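Asks: Using only what follows, build the 3D model:
(2 chains)
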Amino acid sequence: MHNARSRWHADPDWRVSKSFDVVVVGGGPAGLHASLTLAEAGLQTAIIDENPELGGQYFRRPAASVIEKYGDLRPDGAKLISQVRSAGVTCIPRTLVWGVEGKTLFTSGIDTSAMDEIAAASIVVATGAHEIALPCEGWTLIGVCTPGFALHLAHSDHVPVGNRVLVAGTGPFLLTAAQAMLDVGANVSAVVELNRPYRLTRETFRAIGQPRRILELGRYLTNLRRRRVPLMQGWSISRILGEARVNGVELMNSTRSTVMRIDADVVCMAHGFRPNSELPRLLGCQTRIAHFQAIPETDELGRSSVEGVYLAGEVMGVGGIETASVRGRLAAHAILEDRGIAFDSGVRDRLVRKSRQLNRHAEFLANLFQVPRSAFAAIPDDAIVCRCEMVSAGEVRRAAGIEWGDLHGTKALTRAGMGPCQGRECGGTIAALQATRSPRPPAFFNARMPIKPIRVPHDS
Amino acid sequence: MTIGKLSQPDAIVIGAGIVGSATAFELARERLKVVILERDAPNRGGSGSTEGNFHIQTLTPRPHGRPRDSARYVPLQYRSSRIWADLETELDASVEFKRSGGFAVAETEQDLEIVRFEHRLELEGGIRTELFTGDEARRENPLIGPTVVGAVYCPEDGFVNALKVVPSFLAAGQRYGLEIYSFSPVTHVAANSRGYEVVAGSRRFEAPVVVNATGPWIHLVARLLDGIQLEMLPTPIQVSATVRLTPTMHHLVQHVSKNLIVKQAKAGNVHIGGGWYAGSLDLNGRTPASPTGMLANVRLAERILPFLEDVAVLRTWTGPYAVTPDELPIVGELTGYPGYFVAGGPHAFTHGPLIGKAIRDLVLKRPPLVDLTGLGPDRLVRQEAGDQVEDVRSN
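Replies: Numbering: from 1, shown residues only, chains lettered A, B, ... in the order given. Coordinates of the predicted model:
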């Protein structure tokens, strides 16, 4: 593969400074469970994460002073991390994996920009997912954030994100965020849910396959009612109001026949999660496109289309904490099997059965909380859809209407998706807008390296 | 597969990169009925992945390091410079044209020899260039770093936005009736009594003129006609862009011997391209970018332009580069196949608009606007069978 280059110039200094049996990318629940299982089976395992500490989003460690005063919200996270450390897993925090060549991962220190190359016989990608929001007028104002951001502020620092917080979008996660806002003393002016999921229908009873999850949601709903927080189903934000900062929102019902105004100083908005699929795509893994997002293809255990590359957790599609843990352990079992290492097949089979059940539940929720095409159509032409490059929905629609073009051509003509986030935020929206104007099959922006912007220091 | 109704235009252009779209535009403007066929979306190959520079001085990347007749280039560069200057008016569109001027910088005594040699050729050919010592170069452009010992400066070098050129040619062509068929790979080309029959997707065409302007795919498309073997060395190139900066860098800066070219685009991103190869070339899919190549390119760029040390690299992309064994362009009719033209080759971005006009002249049997002697495709015809793509992948 490197031969072509040598005809141009001699290869630059090629060094692989570290080498492991398995490198797990992503230190969330899935990555932690995968690395624990692998290390316990005797494999030399490393886990790489961008954050200062392992844990990912779900097990993000609160500040020490917060733990002292309010207790540890999720003590099982601390326990899992310490198990991983004592199992001998090499933990590499504060490190970004930005590129790949074969199975060598190119990394950059988050604080130092120091470059390294880490070689792996097998790779587990557990890079998780992140929230995405559907653009509307005013969504770029100061005071608009995601529910996940508000949740971090509440959990890590016990700080409310605002005084009057409006939570909007779609997904069960809106309830979790609203509850966290109430817990740290914020007023929640409303929870505005685009879909109508919270009804007692036969559909809902199908979800009782996951009683724990249903009870949790039920608890949130009861609590919202008790605190007199309106839960508005079938409503969405038509405009976010304010000069530089948010001071309110205008809501509309699904037929757009009724509009109402609610005061708020912060709007937490998200319409589901997007798998962080850049690394698997750079590794060459096949993906399918669902709901305008690229989902890597795997078998039941998490084997990707590329030999030696495995997936675990939310990068395979959102499923929640239990799903992430099960998928992490499944990917580890796949590696053990592929490397001919003995394992308890009874455990593996139980995990497979559990995973099937969880996936069915995840699929049920995904259908309940999907963003309908009409929601993309409702984005006004003058709303900015690519915030990095300040590209409006109208500009994207015009480019998408060029009969000989496609999604990538729209990116080239408008610069949508060319900014610092590389389309991570806007990619799904741009693809959805493209689909309304163009007969081309569904597409997705290509993954490019560096996965996130990096400085390149001189060789020391 | 059912083949649709036969369509009979005056000319069929295969490949919607800069050469194909310029050719199609020029022919349509002459009131010919023209169709352009593209396997993917227009501008998806080399023309849309290059940095978008037009190099009027003769120092441009020479990936295979073979001897090249630089003197043969000078008249083409000279003429191309004028054509780029008028292009936005001709197309009635902005392509972000900027005549920035360009430095080719030297770091060694060997580099300086190349600089002096090419400078002499340019003087003889009427292209204005100026020789500088390292200190003089730094006085002219204080961004240039301390390792630079000399430079040649050409005020005519510059750049455009490579993402806008091909769409602008096509849109201008459409105003003259050009028909564009994207996602229509050509699968069949055969000579017949009316010229050539061409099948693309579910469409069938017949025309007295066919222009093969498929860049890195030229040899693969040529093979469809009687198995003609053209010798080509398609090469994977990669370009990196930094995050946007406020206007910092005015000029094009290229390295004399390392094939690296750096400039700040209008949007503010600095492009760092050429230099080290990308991964193995994949003419059927996407060529992977090489992180080692990216690091080497960026480090070299930081050496000749130290301000880049503090700038974050945003993304890297790859593209195929159509290289001929003698590194000269291909512009001409194939002997034995009247009406079958081949157009493209290396440096086709700089020369694309010129090649479009040259093919127009050949098709209309006018004296060409530049001397095309020795640039025809006949020199690349091979008698023995072989697979050039395999050649590139396995060598």
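
Asks: can you pull the buried residues of stretch B:109-125?
Replies: Buried residues in stretch B:109-125, defined by neighbour count with 16 or more other CB atoms under 10 Å in any protein chain shown: B:111-112, B:114-115, B:118-119, B:121-122, B:125. Using the backbone N, CA and C atoms, a C-beta is placed for each residue, glycine as well.

Asks: Contacts (any at all) between chain A and that stretch?
Replies: No - Stretch B:109-125 is not in contact with chain A by CB under 8 Å from any CB of the partner chain; minimum separation 14.0 Å.

Asks: got the contact list for that stretch?
Replies: Outside stretch B:109-125, the residues that touch it by CB atoms under 8 Å, 6 or more residues apart in numbering or on different chains are B:57-59, B:70-71, B:74-75, B:77-78, B:104-106, B:128-129, B:131, B:149-152, B:154, B:256-257.

Asks: out of the residues you listed, which are inside helices?
Replies: Residues of these located in helices (DSSP state H): B:70-71, B:74-75, B:77-78.

Asks: of all those residues, which comes closest to residue A:186?
Replies: residue B:77 (65.9 Å; CB to CB).

Asks: dump the residue contacts of that closest one.
Replies: By CB under 8 Å, 6+ apart, the residues touching residue B:77 are B:55-58, B:125, B:127, B:350.

Asks: Run through the strands of the stretch 201-350 of chain A in chain order.
Replies: In the stretch 201-350 of chain A, the strands defined using DSSP state E, counting those that start in this stretch lie at A:231-233, A:235-241, A:248-253, A:259-263, A:266-271, A:273-275, A:287-290, A:293-296, A:309-311.

Asks: One more: the stretch 51-200 of chain B?
Replies: With DSSP E, counting those that start in this stretch as the criterion, the stretch 51-200 of chain B has strands at B:53-54, B:102-106, B:130-133, B:150-154, B:158-159, B:179-181, B:186-192, B:195-200.

Asks: Any regions of the chain where pLDDT drops low?
Replies: Using chain A. Residue ranges of chain A with pLDDT under 70: A:1-17, A:201-210, A:459-460.

Asks: try chain B instead
Replies: B:1-3, B:59-68, B:384-395.

Asks: how deep is the nearest residue to residue A:133 once chain neighbours are set aside tucked in, by neighbour count?
Replies: Distances taken as CB to CB, 6 or more residues apart in numbering or on different chains put residue A:269 closest to residue A:133, at 4.7 Å, once the chain neighbours are dropped. Neighbour count of residue A:269, defined by other CB atoms under 10 Å in any protein chain shown: 27.

Asks: got it, and residue B:91?
Replies: Residues contacting residue B:91 under the criterion other CB under 10 Å number 22.

Asks: So it versus chain A, what's the distance?
Replies: Look at residue B:91 and chain A: by CB to the nearest CB, to the nearest Å, they are 15 Å apart.

Asks: Might one say that that residue is in contact with residue B:170?
Replies: No - between residue B:91 and residue B:170 there is no contact under CB atoms under 8 Å: 9.8 Å.

Asks: Touching both of the two, which residues are there?
Replies: residue B:25.

Asks: Just give me the neighbour total for residue 256.
Replies: Using chain A. Applying other CB under 10 Å, I find that residue A:256 has 11 neighbouring residues.

Asks: wait, chain B
Replies: Residue B:256: 24 neighbours (other CB under 10 Å).

Asks: And it, its phi and psi?
Replies: Dihedral pair for residue B:256: phi -60, psi -40, per degrees, to the nearest 10.

Asks: residues in contact with it?
Replies: Shown in contact with residue B:256 (CB under 8 Å, 6+ apart): B:59, B:104-107, B:111, B:114-115, B:152.

Asks: Equivalent analysis for residue B:13, please.
Replies: Counted by CB under 8 Å, 6+ apart, residue B:13 has contacts B:20-21, B:23-24, B:27, B:34-37, B:210-211, B:213.

Asks: what about it, which SS state?
Replies: Following DSSP: H, G, I helix; E, B strand; the rest coil, residue B:13 is assigned to strand.

Asks: quick revisit: show me just the buried residues among the ones in helices among the contacts of stretch B:109-125.
Replies: Buried among the ones in helices among the contacts of stretch B:109-125 (16+ other CB under 10 Å): B:70, B:74, B:77-78.

Asks: Tell me the one of the residues you listed nearest residue A:41?
Replies: Of these, the one sitting nearest to residue A:41 (CB to CB) turns out to be residue B:70, at 62.0 Å.

Asks: Skipping its backbone neighbours, what lies nearest the closest one in space?
Replies: Of all residues not flanking residue B:70 in the chain, residue B:58 sits nearest, at 4.9 Å (CB to CB, 6+ apart).

Asks: Would you mark the buried spots in stretch A:295-311?
Replies: For stretch A:295-311, burial by neighbour count (16+ other CB under 10 Å) applies to A:295-296, A:298, A:301-304, A:308-311.

Asks: what residues are up against residue B:268?
Replies: So residue B:268 contacts B:244-247 (CB under 8 Å, 6+ apart).

Asks: what's around residue B:202, how many residues?
Replies: 11.

Asks: How about it, nearest residue that isn't a chain neighbour?
Replies: Per CB to CB, 6+ apart, closest to residue B:202 is residue B:4, 5.0 Å.

Asks: wait, what's in contact with the one you found?
Replies: B:202-204.

Asks: Tell me which entries of these lie within strands.
Replies: B:203-204 (DSSP state E).

Asks: I'd like the distance from stretch A:365-376 to the chain centre, please.
Replies: Its chain's average C-alpha position is 17 Å from that of stretch A:365-376, according to CA atoms, centre = their mean, to the nearest Å.

Asks: If you count neighbours, what's buried in it?
Replies: Buried-residue list, stretch A:365-376, by 16+ other CB under 10 Å: A:365-366, A:368-371, A:375-376.

Asks: and if you look at stretch B:273-283?
Replies: By neighbour count on 16+ other CB under 10 Å, the buried set for stretch B:273-283 is B:273-281, B:283.

Asks: follow-up on the earlier one: between which two of the ones in helices among the contacts of stretch B:109-125 is the distance greatest?
Replies: B:70 and B:78 (13.0 Å).

Asks: The nearest residue to residue A:72 once chain neighbours are set aside: what's it in contact with?
Replies: Counting by CB to CB, 6+ apart, residue A:78 is the residue found nearest to residue A:72 once chain neighbours are left out, at 6.3 Å. Residues in contact with residue A:78 (CB under 8 Å, 6+ apart) are A:59, A:61, A:72.

Asks: Show me the beta-bridge partners of the spatially most central residue of chain A.
Replies: The centroid of chain A falls nearest to residue A:129 when counting by CA atoms, centre = their mean (1.5 Å). Applying DSSP bridges to residue A:129 gives these bridge partners: residue A:275.

Asks: Touching, it and residue A:278? I think so.
Replies: No - assessed by CB under 8 Å, residue A:129 is found out of contact with residue A:278, at 11.8 Å.

Asks: My guess is residue B:363 contacts residue B:27. True?
Replies: Yes - using CB under 8 Å, residue B:363 makes contact with residue B:27 at a distance of 6.3 Å.

Asks: Identify the contacts common to these two.
Replies: B:11, B:209.

Asks: neighbour count winner among the two?
Replies: Ranked by neighbour count (other CB under 10 Å), residue B:363 and residue B:27 place residue B:27 first, with 27 against 21.
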